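>>> Sequence plus predicted model, see below.
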Amino acid sequence: MSKKVPSYYIGKNKQIKAHEVISDYELTYNVGTAVTYLLRAGKKPNNPKQQDIQKAIDHLQFELKTLKNNKYIIDENANSTY
């Protein structure tokens, strides 16, 4: 059973759905969610454009934090003697 996608998640010219872009580019959860917020910014009724942009920024900052934390763990293990 297919769920109807709201129009603010579908491109205007080629009718590409936001989740199709995310899937095709194999984006991580946070990056994909940020892209989705940016794609719908200013299109969802009663939802300010600035709010979606801020949500995208929040997800990207969380992704950067995750990447930095993972790098620290990887770098810490790189010096391991076993």
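Cool, got the structure.
>>> Find me the pLDDT at Val21, would you?
On pLDDT, Val21 comes in at 93.
>>> Which element, helix or strand, includes it?
Under the criterion of DSSP states H and E, Val21 resides in helix 18-25.
>>> Counting by contacts, list what that helix packs against.
Based on contacts counted as 3 or more Cβ pairs under 8 Å, 6 or more residues apart in numbering; DSSP states H and E, the elements that helix 18-25 packs against are helix 29-40. (Each C-beta comes from the backbone N, C-alpha and C, glycine too.)
>>> what helices or strands is the helix it packs on leaning on?
Contacts defined by 3+ Cβ pairs under 8 Å, 6+ apart place helix 29-40 against helix 18-25, helix 49-78.
>>> quick one: least confident helix or strand in this structure?
helix 49-78 (a mean of 86; mean pLDDT, DSSP states H and E).
>>> what's Ile10 sitting at in phi/psi?
Main-chain dihedrals, Ile10, degrees, to the nearest 10: phi -120, psi 130.
>>> Surely it touches Val21?
No: in this structure, Ile10 is not within contact of Val21 by Cβ atoms under 8 Å, at 10.7 Å.
>>> Having no further points to raise, I will conclude here.
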